[in-house]
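**Q** this is a predicted model, with the sequence first.
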Amino acid sequence: MRQVKNPQLKFGQSPISEIKIDLISRDDIPPLLLGLQYIYITPEIRSEVFSILEEMINPDIDMNNGRPGMELWKILVFGVLRLNLNWDYDRLHEMANNHRKIRQMLGHGLLDDDYEYKLQTLKDNVYKLTPEILDKINQVVVHTGHTLVKKKGGDDSLKGRCDSFVVETNVHYPTDINLLFDSMRKVIALIATLCALCNLTDWRQNKLNIKKVKRLFRKVQKLKRSTSKDPEKQKKREEIVIEAHQEYINVAKVFLDKARDTLKSASGGGLTAIAIHEDIENIYGACHMHIKKHYMNHVWISRLLRSCLQILLPMAPTALTLNPRLLSKKQKRFLPLAIMPRVTFCTPAR
(Lines give C-alpha, C1' and ligand atoms only; values in the text may rest on other atoms or scores of the structure.)
Protein backbone atom coordinates (compact mmCIF):
# COMPACT_ATOMS: atom_id res chain seq x y z
CA MET A 1 0.00 0.00 0.00
CA ARG A 2 1.12 3.56 -0.63
CA GLN A 3 -0.17 6.96 0.55
CA VAL A 4 0.34 10.45 -0.77
CA LYS A 5 0.85 11.90 2.72
CA ASN A 6 -0.18 10.54 6.10
CA PRO A 7 -2.22 13.33 7.76
CA GLN A 8 -1.72 11.83 11.23
CA LEU A 9 1.22 13.48 13.04
CA LYS A 10 3.59 11.48 15.21
CA PHE A 11 4.99 12.42 18.60
CA GLY A 12 7.77 14.97 18.18
CA GLN A 13 6.84 15.71 14.54
CA SER A 14 6.38 19.35 13.53
CA PRO A 15 3.62 20.26 11.06
CA ILE A 16 4.97 21.32 7.69
CA SER A 17 3.22 24.69 8.04
CA GLU A 18 5.23 25.43 11.22
CA ILE A 19 8.68 24.60 9.85
CA LYS A 20 10.85 27.70 10.18
CA ILE A 21 13.07 28.20 7.12
CA ASP A 22 15.93 30.67 7.07
CA LEU A 23 14.89 33.57 4.83
CA ILE A 24 18.32 35.21 4.93
CA SER A 25 20.26 32.21 3.68
CA ARG A 26 21.66 32.52 0.15
CA ASP A 27 21.84 28.75 -0.36
CA ASP A 28 19.68 26.98 -2.93
CA ILE A 29 17.89 24.66 -0.50
CA PRO A 30 15.74 27.19 1.48
CA PRO A 31 13.90 28.59 -1.61
CA LEU A 32 12.95 25.07 -2.69
CA LEU A 33 11.73 24.19 0.79
CA LEU A 34 9.68 27.41 0.88
CA GLY A 35 8.05 26.48 -2.42
CA LEU A 36 7.23 22.98 -1.20
CA GLN A 37 5.86 24.41 2.04
CA TYR A 38 3.61 26.80 0.13
CA ILE A 39 2.26 23.94 -1.99
CA TYR A 40 1.44 21.92 1.10
CA ILE A 41 -0.21 24.68 3.17
CA THR A 42 -2.40 25.93 0.28
CA PRO A 43 -5.41 23.56 0.08
CA GLU A 44 -6.27 24.23 -3.60
CA ILE A 45 -2.75 23.64 -4.86
CA ARG A 46 -2.16 20.71 -2.52
CA SER A 47 -5.28 18.91 -3.75
CA GLU A 48 -4.24 19.37 -7.40
CA VAL A 49 -0.66 18.23 -6.79
CA PHE A 50 -1.78 15.25 -4.69
CA SER A 51 -4.24 14.17 -7.37
CA ILE A 52 -1.40 14.25 -9.92
CA LEU A 53 0.86 12.25 -7.59
CA GLU A 54 -1.85 9.60 -7.21
CA GLU A 55 -1.38 8.80 -10.91
CA MET A 56 1.94 7.23 -9.93
CA ILE A 57 0.12 4.50 -7.99
CA ASN A 58 -0.56 1.32 -9.90
CA PRO A 59 -4.36 0.86 -10.11
CA ASP A 60 -3.97 -2.85 -9.35
CA ILE A 61 -2.42 -2.12 -5.94
CA ASP A 62 -4.65 -2.20 -2.85
CA MET A 63 -4.36 1.13 -1.02
CA ASN A 64 -5.34 -0.37 2.35
CA ASN A 65 -3.47 -3.68 2.48
CA GLY A 66 0.11 -4.75 2.01
CA ARG A 67 3.54 -3.50 2.93
CA PRO A 68 3.66 0.31 3.22
CA GLY A 69 5.75 2.03 0.59
CA MET A 70 7.35 5.47 0.58
CA GLU A 71 4.86 8.32 0.71
CA LEU A 72 4.40 10.14 -2.58
CA TRP A 73 5.04 13.47 -0.84
CA LYS A 74 8.51 12.27 0.09
CA ILE A 75 9.13 11.19 -3.50
CA LEU A 76 8.14 14.68 -4.67
CA VAL A 77 10.48 16.34 -2.15
CA PHE A 78 13.39 14.10 -3.13
CA GLY A 79 12.73 14.58 -6.84
CA VAL A 80 12.48 18.38 -6.62
CA LEU A 81 15.73 18.63 -4.63
CA ARG A 82 17.61 16.26 -6.92
CA LEU A 83 16.53 17.88 -10.20
CA ASN A 84 16.77 21.54 -9.19
CA LEU A 85 20.08 21.23 -7.34
CA ASN A 86 21.58 18.75 -9.84
CA TRP A 87 22.41 16.22 -7.13
CA ASP A 88 23.40 12.65 -7.73
CA TYR A 89 21.87 9.91 -5.59
CA ASP A 90 24.87 9.79 -3.24
CA ARG A 91 24.47 13.50 -2.40
CA LEU A 92 20.71 13.06 -2.04
CA HIS A 93 21.27 10.09 0.29
CA GLU A 94 23.61 12.12 2.50
CA MET A 95 21.30 15.15 2.72
CA ALA A 96 18.20 13.03 3.37
CA ASN A 97 19.84 11.44 6.41
CA ASN A 98 21.61 14.47 7.88
CA HIS A 99 19.88 17.73 6.84
CA ARG A 100 17.45 18.71 9.61
CA LYS A 101 15.15 20.97 7.57
CA ILE A 102 14.83 18.46 4.77
CA ARG A 103 13.95 15.74 7.26
CA GLN A 104 11.29 17.98 8.80
CA MET A 105 9.82 18.57 5.34
CA LEU A 106 9.77 14.79 4.86
CA GLY A 107 7.76 14.39 8.07
CA HIS A 108 10.41 13.20 10.53
CA GLY A 109 10.42 14.30 14.16
CA LEU A 110 12.54 13.92 17.25
CA LEU A 111 11.53 10.34 17.98
CA ASP A 112 12.56 8.98 14.57
CA ASP A 113 15.74 11.01 14.27
CA ASP A 114 17.75 7.81 13.89
CA TYR A 115 15.74 6.67 10.84
CA GLU A 116 17.97 6.46 7.77
CA TYR A 117 17.15 6.02 4.10
CA LYS A 118 18.94 3.41 2.07
CA LEU A 119 20.58 4.46 -1.19
CA GLN A 120 18.77 1.81 -3.24
CA THR A 121 15.44 2.83 -1.68
CA LEU A 122 15.91 6.38 -2.92
CA LYS A 123 16.81 5.19 -6.42
CA ASP A 124 13.80 2.86 -6.67
CA ASN A 125 11.29 5.48 -5.48
CA VAL A 126 12.54 8.73 -7.04
CA TYR A 127 12.62 6.91 -10.37
CA LYS A 128 8.81 6.77 -10.25
CA LEU A 129 8.62 10.58 -10.62
CA THR A 130 8.40 10.55 -14.42
CA PRO A 131 8.80 13.61 -16.70
CA GLU A 132 5.07 13.45 -17.51
CA ILE A 133 4.16 13.77 -13.81
CA LEU A 134 6.62 16.63 -13.38
CA ASP A 135 5.19 18.46 -16.41
CA LYS A 136 1.70 18.37 -14.91
CA ILE A 137 2.96 19.60 -11.54
CA ASN A 138 4.93 22.36 -13.28
CA GLN A 139 1.75 23.56 -14.95
CA VAL A 140 0.05 23.90 -11.57
CA VAL A 141 3.06 25.66 -10.01
CA VAL A 142 3.46 28.12 -12.92
CA HIS A 143 -0.25 28.97 -12.87
CA THR A 144 -0.04 29.58 -9.11
CA GLY A 145 3.02 31.79 -9.57
CA HIS A 146 1.20 33.89 -12.16
CA THR A 147 -1.70 34.46 -9.77
CA LEU A 148 0.71 35.57 -7.04
CA VAL A 149 2.60 38.13 -9.13
CA LYS A 150 -0.26 39.13 -11.41
CA LYS A 151 -0.45 42.89 -11.97
CA LYS A 152 -3.50 44.93 -11.16
CA GLY A 153 -5.62 46.38 -13.95
CA GLY A 154 -6.16 43.18 -15.92
CA ASP A 155 -2.73 43.10 -17.61
CA ASP A 156 -1.77 39.42 -17.89
CA SER A 157 1.69 40.04 -19.37
CA LEU A 158 4.68 39.30 -17.15
CA LYS A 159 8.15 40.72 -17.63
CA GLY A 160 11.30 39.11 -16.27
CA ARG A 161 14.81 40.38 -15.86
CA CYS A 162 18.03 38.41 -15.72
CA ASP A 163 21.74 39.04 -15.68
CA SER A 164 24.38 37.48 -17.91
CA PHE A 165 28.12 37.21 -17.77
CA VAL A 166 30.97 35.96 -19.94
CA VAL A 167 32.99 32.89 -19.01
CA GLU A 168 36.05 31.44 -20.66
CA THR A 169 35.44 28.31 -22.66
CA ASN A 170 37.11 26.18 -25.29
CA VAL A 171 35.39 26.98 -28.59
CA HIS A 172 36.87 25.72 -31.84
CA TYR A 173 37.45 28.09 -34.72
CA PRO A 174 34.15 28.37 -36.62
CA THR A 175 34.29 27.12 -40.17
CA ASP A 176 31.50 26.08 -42.50
CA ILE A 177 32.21 22.37 -42.24
CA ASN A 178 32.52 22.13 -38.44
CA LEU A 179 29.52 24.40 -37.83
CA LEU A 180 27.49 22.13 -40.11
CA PHE A 181 28.66 19.08 -38.19
CA ASP A 182 27.81 20.67 -34.83
CA SER A 183 24.32 21.53 -36.07
CA MET A 184 23.73 18.05 -37.50
CA ARG A 185 24.96 16.41 -34.31
CA LYS A 186 22.47 18.39 -32.20
CA VAL A 187 19.61 17.81 -34.63
CA ILE A 188 20.11 14.04 -34.63
CA ALA A 189 20.52 13.86 -30.83
CA LEU A 190 17.43 16.00 -30.17
CA ILE A 191 15.27 14.21 -32.72
CA ALA A 192 16.23 10.88 -31.11
CA THR A 193 15.16 12.22 -27.69
CA LEU A 194 11.89 13.47 -29.19
CA CYS A 195 11.22 10.04 -30.72
CA ALA A 196 11.76 8.40 -27.34
CA LEU A 197 9.20 10.75 -25.76
CA CYS A 198 6.65 10.21 -28.55
CA ASN A 199 7.20 6.42 -28.80
CA LEU A 200 8.62 6.59 -32.34
CA THR A 201 11.26 4.23 -33.74
CA ASP A 202 12.50 6.29 -36.69
CA TRP A 203 15.88 7.19 -35.16
CA ARG A 204 16.99 4.02 -33.38
CA GLN A 205 20.41 4.29 -35.08
CA ASN A 206 21.00 7.93 -34.11
CA LYS A 207 24.51 7.25 -32.78
CA LEU A 208 25.45 5.47 -36.00
CA ASN A 209 24.08 8.40 -38.02
CA ILE A 210 26.20 10.86 -36.07
CA LYS A 211 29.28 8.72 -36.70
CA LYS A 212 28.46 8.67 -40.42
CA VAL A 213 28.28 12.47 -40.57
CA LYS A 214 31.45 12.78 -38.49
CA ARG A 215 33.33 10.37 -40.78
CA LEU A 216 32.50 12.53 -43.81
CA PHE A 217 33.37 15.67 -41.84
CA ARG A 218 36.80 14.28 -40.97
CA LYS A 219 37.36 13.26 -44.56
CA VAL A 220 36.64 16.78 -45.80
CA GLN A 221 38.69 18.29 -42.97
CA LYS A 222 41.80 16.29 -43.83
CA LEU A 223 41.70 16.91 -47.56
CA LYS A 224 44.31 19.41 -48.69
CA ARG A 225 44.73 21.01 -52.05
CA SER A 226 47.62 19.88 -54.16
CA THR A 227 50.90 21.77 -53.97
CA SER A 228 52.18 20.16 -57.17
CA LYS A 229 53.18 22.35 -60.07
CA ASP A 230 51.60 19.94 -62.54
CA PRO A 231 48.23 21.45 -63.64
CA GLU A 232 46.72 18.02 -64.26
CA LYS A 233 47.47 16.84 -60.72
CA GLN A 234 46.14 20.06 -59.27
CA LYS A 235 42.95 19.80 -61.27
CA LYS A 236 42.45 16.16 -60.28
CA ARG A 237 43.01 16.99 -56.62
CA GLU A 238 40.55 19.88 -56.86
CA GLU A 239 37.87 17.55 -58.20
CA ILE A 240 38.44 15.14 -55.30
CA VAL A 241 37.99 17.99 -52.80
CA ILE A 242 34.78 19.17 -54.45
CA GLU A 243 33.40 15.63 -54.61
CA ALA A 244 34.07 15.07 -50.89
CA HIS A 245 32.34 18.32 -49.96
CA GLN A 246 29.37 17.48 -52.16
CA GLU A 247 29.00 14.05 -50.52
CA TYR A 248 29.14 15.67 -47.07
CA ILE A 249 26.39 18.12 -48.05
CA ASN A 250 24.18 15.43 -49.61
CA VAL A 251 24.26 13.23 -46.48
CA ALA A 252 23.42 16.23 -44.31
CA LYS A 253 20.44 17.04 -46.54
CA VAL A 254 19.16 13.45 -46.30
CA PHE A 255 19.18 13.52 -42.51
CA LEU A 256 17.56 16.97 -42.43
CA ASP A 257 14.73 15.82 -44.71
CA LYS A 258 14.20 12.77 -42.50
CA ALA A 259 14.17 14.99 -39.39
CA ARG A 260 11.55 17.23 -41.01
CA ASP A 261 9.31 14.21 -41.71
CA THR A 262 9.71 13.04 -38.11
CA LEU A 263 8.74 16.45 -36.73
CA LYS A 264 5.52 16.35 -38.75
CA SER A 265 4.55 12.92 -37.41
CA ALA A 266 5.63 13.47 -33.76
CA SER A 267 2.85 14.18 -31.28
CA GLY A 268 2.53 14.08 -27.51
CA GLY A 269 5.46 13.97 -25.11
CA GLY A 270 4.43 16.91 -22.90
CA LEU A 271 6.28 20.16 -22.34
CA THR A 272 9.66 18.50 -22.79
CA ALA A 273 8.75 17.41 -26.32
CA ILE A 274 7.50 20.92 -27.15
CA ALA A 275 10.78 22.48 -25.96
CA ILE A 276 12.82 19.95 -27.96
CA HIS A 277 10.65 20.60 -31.02
CA GLU A 278 11.42 24.34 -30.85
CA ASP A 279 15.15 23.69 -30.41
CA ILE A 280 15.18 21.41 -33.45
CA GLU A 281 13.39 24.05 -35.55
CA ASN A 282 16.03 26.64 -34.65
CA ILE A 283 18.97 24.33 -35.35
CA TYR A 284 17.26 23.10 -38.52
CA GLY A 285 17.41 26.62 -39.94
CA ALA A 286 21.07 26.92 -38.94
CA CYS A 287 21.87 23.67 -40.76
CA HIS A 288 20.35 24.90 -44.00
CA MET A 289 22.25 28.17 -43.68
CA HIS A 290 25.57 26.35 -43.23
CA ILE A 291 24.80 23.99 -46.12
CA LYS A 292 23.98 26.89 -48.43
CA LYS A 293 27.04 28.87 -47.39
CA HIS A 294 29.28 25.79 -47.57
CA TYR A 295 28.01 24.93 -51.04
CA MET A 296 28.56 28.49 -52.24
CA ASN A 297 32.12 28.59 -50.92
CA HIS A 298 33.39 25.18 -52.00
CA VAL A 299 31.39 24.13 -55.06
CA TRP A 300 29.48 26.95 -56.68
CA ILE A 301 32.33 29.48 -56.78
CA SER A 302 34.64 27.03 -58.49
CA ARG A 303 32.07 26.11 -61.14
CA LEU A 304 31.01 29.71 -61.71
CA LEU A 305 34.54 31.00 -62.20
CA ARG A 306 35.40 28.11 -64.47
CA SER A 307 32.35 28.81 -66.66
CA CYS A 308 32.96 32.56 -66.78
CA LEU A 309 36.62 32.23 -67.66
CA GLN A 310 35.93 29.61 -70.31
CA ILE A 311 33.58 32.11 -71.96
CA LEU A 312 35.87 35.12 -71.60
CA LEU A 313 39.18 33.54 -72.61
CA PRO A 314 38.29 32.86 -76.27
CA MET A 315 37.25 36.49 -76.57
CA ALA A 316 40.62 37.76 -75.30
CA PRO A 317 43.37 38.06 -77.93
CA THR A 318 46.23 36.83 -75.79
CA ALA A 319 45.35 36.91 -72.14
CA LEU A 320 42.62 37.95 -69.71
CA THR A 321 43.39 40.85 -67.40
CA LEU A 322 41.65 40.90 -64.01
CA ASN A 323 41.63 43.45 -61.22
CA PRO A 324 42.75 41.71 -57.98
CA ARG A 325 40.45 43.95 -55.98
CA LEU A 326 37.47 42.27 -57.63
CA LEU A 327 38.47 38.79 -56.45
CA SER A 328 38.83 37.54 -52.90
CA LYS A 329 41.56 35.14 -51.83
CA LYS A 330 39.11 32.26 -51.84
CA GLN A 331 37.96 33.10 -55.36
CA LYS A 332 41.55 33.26 -56.59
CA ARG A 333 42.19 29.86 -55.03
CA PHE A 334 39.23 28.40 -56.91
CA LEU A 335 40.36 29.71 -60.32
CA PRO A 336 40.62 26.82 -62.80
CA LEU A 337 44.21 25.79 -62.68
CA ALA A 338 44.32 24.66 -66.28
CA ILE A 339 43.76 28.20 -67.60
CA MET A 340 45.64 30.13 -64.92
CA PRO A 341 48.71 30.67 -67.16
CA ARG A 342 46.58 32.81 -69.47
CA VAL A 343 45.25 35.02 -66.61
CA THR A 344 47.20 38.06 -65.53
CA PHE A 345 46.42 40.63 -62.87
CA CYS A 346 46.64 44.32 -63.51
CA THR A 347 47.80 46.87 -60.99
CA PRO A 348 44.82 49.03 -59.97
CA ALA A 349 45.23 52.76 -60.31
CA ARG A 350 45.50 54.70 -57.08
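**A** Arrived safely, thanks for sending. These numbers come from a predicted model, not from an experiment.
**Q** endpoints of stretch 261-279, how far apart?
**A** Terminal residues of stretch 261-279 lie 16 Å apart, using Cα to Cα, to the nearest Å.
**Q** ok, now stretch 55-75?
**A** 13 Å.
**Q** same question for it, mean pLDDT?
**A** Regarding stretch 55-75, the rounded mean pLDDT is 78.
**Q** ok, stretch 179-198 next?
**A** Here the average pLDDT along stretch 179-198 is 84.
**Q** centre of the chain to that stretch, how far?
**A** Relative to the centre of its chain, stretch 179-198 is centred 8 Å away, using Cα atoms, centre = their mean, to the nearest Å.
**Q** list the buried residues in that stretch.
**A** 179-195, 197-198 (16 or more other Cβ atoms under 10 Å). No exception for glycine: its C-beta is placed from N, CA and C like everyone else's.
**Q** also stretch 44-64?
**A** 45-46, 48-50, 52-53, 56-57.
**Q** what do you get for stretch 86-100?
**A** 89, 92-93, 95-97.
**Q** strands - which of those land there?
**A** Assignment to strands by DSSP state E places none of the buried residues of stretch 86-100 there.
**Q** mind naming the longest helix for the protein?
**A** The residue-count maximum for a helix in the chain (DSSP state H) belongs to helix 231-265.
**Q** let me have the buried residues of stretch 44-64 in CSV, adding secondary structure and distance to Val140 as columns.
**A** Converted to CSV, those look like this (DSSP: H, G, I helix; E, B strand; the rest coil; distance: Cβ to Cβ, whole Å):
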residue, secondary structure, distance to Val140
Ile45, helix, 6
Arg46, helix, 10
Glu48, helix, 5
Val49, helix, 6
Phe50, helix, 11
Ile52, helix, 7
Leu53, helix, 11
Met56, helix, 15
Ile57, coil, 18
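**Q** in TSV, list the residues you listed along with distance to Leu106.
**A** What follows is the buried residues of stretch 44-64, written out as TSV (distance: Cβ to Cβ, whole Å):
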residue	distance to Leu106
Ile45	19
Arg46	16
Glu48	21
Val49	16
Phe50	16
Ile52	19
Leu53	15
Met56	17
Ile57	19
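**Q** just to revisit the earlier point, let me see the mean pLDDT of the longest helix of the chain.
**A** pLDDT averaged over helix 231-265 gives 84.
**Q** again, but for stretch 100-109
**A** In the prediction, stretch 100-109 has an average pLDDT of 87.
**Q** please state the offset of it from the chain centre?
**A** Centroid displacement of stretch 100-109 relative to its chain, using Cα atoms, centre = their mean, is 35 Å.
**Q** contact partners of it?
**A** If you take Cβ atoms under 8 Å, 6 or more residues apart in numbering as the criterion, stretch 100-109 is touched by 5-6, 10-14, 16, 19, 21, 29-30, 33, 36-37, 71, 73-74, 77, 81, 95-97, 113, 115.
**Q** confirm that His172 sits in a strand.
**A** No - counting by DSSP: H, G, I helix; E, B strand; the rest coil, His172 falls outside a strand, being coil.
**Q** remind me which helix or strand the residue nearest to it when sequence neighbours are not counted belongs to.
**A** Spatial nearest neighbour of His172, excluding adjacent residues (Cβ to Cβ, 6 or more residues apart in numbering): Asn178 at 6.1 Å. Element membership of Asn178, judged by DSSP states H and E, is helix 176-197.
**Q** so what does that helix touch, helix or strand wise?
**A** Packing partners of helix 176-197 (3 or more Cβ pairs under 8 Å, 6 or more residues apart in numbering; DSSP states H and E): helix 206-222, helix 231-265, helix 270-295.
**Q** in a markdown table, list those along with distance to Thr121.
**A** Below are the helices and strands packed on helix 176-197 laid out as a markdown table (distance: least, Cβ to Cβ, whole Å):
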| stretch | distance to Thr121 |
| --- | --- |
| helix 206-222 | 33 |
| helix 231-265 | 39 |
| helix 270-295 | 27 |
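**Q** where does pLDDT dip in the stretch 251-350 of the chain?
**A** Low-confidence regions of the stretch 251-350 of the chain, defined by pLDDT under 70, span residues 268-275, 277, 284, 286-350.
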